[in-house]
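S.K.: Okay, sequence plus prediction incoming.
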Amino acid sequence: MAGVSASTAAAQIAAVVAAVTAKRYTLVAGDSLSRIAKREYGDANAWHRIYEANRDIIKDPDLIHPGQNLTIPPKA
């Protein structure tokens, strides 16, 4: 990566790894971002990670719908 700083290259590599290791999940009735975060990360308060990864799909984190397909980022 000629002309790219080491920190920029590391960030680009991290983004690629995250994209490759992310899961997909289809919402079902009764799901919430906090419930999914609890199951995936062991911490319901990590719901914002899922929200941020899906802002193109989720406009309001309190309004999610069965059938939506979400990206679940890997556990940090």
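M.R.: Now that the structure is in, tell me what you want to look at.

S.K.: Okay, strands next: where are they in the chain?
M.R.: All strands of the chain, identified by DSSP state E, fall at 23-26, 69-72.

S.K.: Just the CA atoms of the first one, as CSV, please.
M.R.: It stands for strand 23-26. C-alpha atoms of strand 23-26 as CSV (Å, rounded to 0.1, in the frame of the first residue of the first chain):
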residue,chain,number,x,y,z
LYS,A,23,-22.8,-12.4,10.4
ARG,A,24,-26.2,-11.9,8.8
TYR,A,25,-29.4,-12.2,10.8
THR,A,26,-33.1,-12.0,9.8
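
S.K.: List the buried residues in it.
M.R.: For strand 23-26, a neighbour-count test (16 or more other CB atoms under 10 Å) marks residue 25 as buried. Every residue, glycine included, has its C-beta placed from N, CA and C.

S.K.: try stretch 51-71
M.R.: So, applying 16+ other CB under 10 Å, buried residues of stretch 51-71: 51, 53, 54, 58, 61, 64, 70.

S.K.: starting at the chain centroid, how far to it?
M.R.: Its chain's average C-alpha position is 10 Å from that of stretch 51-71, according to CA atoms, centre = their mean, to the nearest Å.
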